[in-house]
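Novice: Here is a sequence with its predicted model. Questions after.
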Amino acid sequence: MHFFFFLLLNANSCNLSKTDHSHKLTIDLDNTNDTILYSQFTKSIDYIELNTNDSCIVSHIDNIFLDDDTIFILDKKNAGILIFTSNGELVNQINNYGNSAEEFINIRAFTIDPILNHIYILDCNSQKINKYNYNGDYLESHKSTLYVRDFAVLENGSYLCILPYYSKYTPYGIWTTDNNNNIIKKIQFEIPQDDQFEFVGYYTNLSNQCIYYYDRNWDNFSCITKDTAIVQYQFDLKQRLKEDIRKKDPRLIKLKDFAMMSSFSYSDNFLLLTYYYYVDNNPYRWALYNKHTQKITVSNVVTNDIDYVQSSSEQIFYLNNKTWCRVLDEKVNNCNIQLQILNLK
């Protein structure tokens, strides 16, 4: 779940229209194969053991970033952000919980700036953003008053802000701000004003080319930079929640027989989507799109048929356009984190 707060000062801003270069694809989560095989999209596998120094401090990995030889993970509970070398050595742990300027009450989201080597942490309780360097040293803090669901740092140092539902009282949609939090551009993503249902999960993949964004309102997939917003794919999801149901009070909706995108990973040749399907058993569905064959494979499971080391994790994390990552199941009496690095075809 991602939230982010920005103080947006009054400024002259312009609109940035999105460009539709999209492929239209159909996804039917009931039309499944036995499995999606690693060999369909992976050429080789490496393993990294993140050494937590015999301390079982990580409960569940909520997000991962990779920048050259540095790995950043966000723990879902109170371990905070852990920084590792690519060899798995623990460099630092940012878990400064408290009320002082250098501390935070909780972490709702974090991102990195790979150009300046900075880490940004959202503390929605204190309504502020803390900034650190890659060694985990505190640099500064900014107060904020408005909230968004997700954010990223663009290549020119500006921020991409995402609030993908209508709000009467705050800015909404997608926009960029400068370092002083002035609105630079508003990107014209249509936001249904009557929708009351929102599924909160992952929205973006951070690459060195653009920010990949999945719009759950319309099941569209876009590439966003400081100057462009290009819709690359439009998905006809057969289990999409109908528009008339979206307008109803979520407390009155029967959560059954529809699906929402949970997470995704992008690459030069493939797109892997994970959907949460509101059914009685095994709610997760995987959809792998091969850009060359233009074929979509849907399955309940993704199986390692390369070295047969399996994982029960329902998410494969995006690291970059050539590399994805899956967390292996915990080992008995071993607190270290085992990452399965998928080198993509």
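Specialist: Looks like it arrived, so ask away. Please read all numbers here as calculations on a predicted model, not as lab measurements.
Novice: So Tyr308 lies in a strand, does it not?
Specialist: No: assigned with DSSP: H, G, I helix; E, B strand; the rest coil, Tyr308 falls outside any strand and is coil.
Novice: what about this protein, any weak spots by pLDDT?
Specialist: For the chain, applying pLDDT under 70 flags the ranges 1-18, 144-146, 179-180.
Novice: what's Asn33 sitting at in phi/psi?
Specialist: Backbone geometry at Asn33, expressed as degrees, to the nearest 10, gives phi -90, psi 170.
Novice: ok, it to Lys291 distance?
Specialist: Distance, Asn33 to Lys291, using CB to CB, to the nearest Å: 18 Å. Every residue, glycine included, has its C-beta placed from N, CA and C.
Novice: cool, Thr32 as well?
Specialist: Distance from Thr32 to Lys291, by CB to CB: 21 Å.
Novice: Can you get me a residue count around Ile337?
Specialist: 22 (other CB atoms under 10 Å).
Novice: now do Ser100
Specialist: By the criterion of other CB under 10 Å, Ser100 has 9 neighbours.
Novice: quick one: it is in a strand?
Specialist: No: the assignment for Ser100 is coil, going by three-state DSSP, so no strand is present there.
Novice: quick one, what contacts the most centrally placed residue in the chain?
Specialist: For the chain, the residue nearest the mean C-alpha position is Tyr202 (3.7 Å; CA atoms, centre = their mean). Going by CB atoms under 8 Å, 6 or more residues apart in numbering, Tyr202 touches His2, Asn63, Tyr214, Ser262, Ser263, Phe264.
Novice: where exactly do the helices run in the chain?
Specialist: Secondary structure of the chain, counting by DSSP state H: helices at 243-246.
Novice: circling back to that earlier point, mind putting the contacts of Tyr202 in CSV, distance to Val91 and neighbour count included?
Specialist: Formatted as CSV, the contacts of Tyr202 follow (distance: CB to CB, whole Å; neighbours: other CB atoms under 10 Å):
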residue, distance to Val91, neighbour count
His2, 24, 21
Asn63, 17, 20
Tyr214, 31, 24
Ser262, 30, 20
Ser263, 26, 21
Phe264, 28, 23
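Novice: how about those in CSV, adding distance to Val153?
Specialist: Shown next, in CSV, are the contacts of Tyr202 (distance: CB to CB, whole Å):
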residue, distance to Val153
His2, 14
Asn63, 15
Tyr214, 19
Ser262, 24
Ser263, 20
Phe264, 20
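Novice: Which residue ranges of the stretch 151-300 of the chain form strands?
Specialist: Using DSSP state E, counting those that start in this stretch, the strands of the stretch 151-300 of the chain run over 159-163, 173-177, 183-187, 204-206, 211-215, 220-224, 229-237, 259-266, 270-277, 284-290, 295-299.
Novice: In JSON lines, list the ones you listed along with distance to Ile112.
Specialist: Below are these laid out as JSON lines (distance: least, CB to CB, whole Å):
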{"stretch": "strand 159-163", "distance to Ile112": "13"}
{"stretch": "strand 173-177", "distance to Ile112": "17"}
{"stretch": "strand 183-187", "distance to Ile112": "21"}
{"stretch": "strand 204-206", "distance to Ile112": "7"}
{"stretch": "strand 211-215", "distance to Ile112": "13"}
{"stretch": "strand 220-224", "distance to Ile112": "17"}
{"stretch": "strand 229-237", "distance to Ile112": "22"}
{"stretch": "strand 259-266", "distance to Ile112": "17"}
{"stretch": "strand 270-277", "distance to Ile112": "22"}
{"stretch": "strand 284-290", "distance to Ile112": "27"}
{"stretch": "strand 295-299", "distance to Ile112": "31"}
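Novice: one step back: mind picking the two most distant members of the contacts of Tyr202?
Specialist: With CB to CB as the measure, no two of these lie farther apart than Asn63 and Tyr214, at 15.1 Å.
Novice: correct me, but Tyr276 touches Ser263?
Specialist: No: with contacts counted by CB atoms under 8 Å, Tyr276 stays clear of Ser263, the gap being 9.2 Å.
Novice: Can you get me a residue count around His21?
Specialist: Residues lying near His21 (other CB under 10 Å) number 11.
Novice: ok, it to Pro171 distance?
Specialist: As defined by CB to CB, His21 lies at a distance of 27 Å from Pro171.
Novice: Ok, Tyr132 next?
Specialist: 27 Å.
Novice: what do you get for Asn117?
Specialist: Noted for Asn117: a distance of 29 Å to Pro171, by CB to CB.
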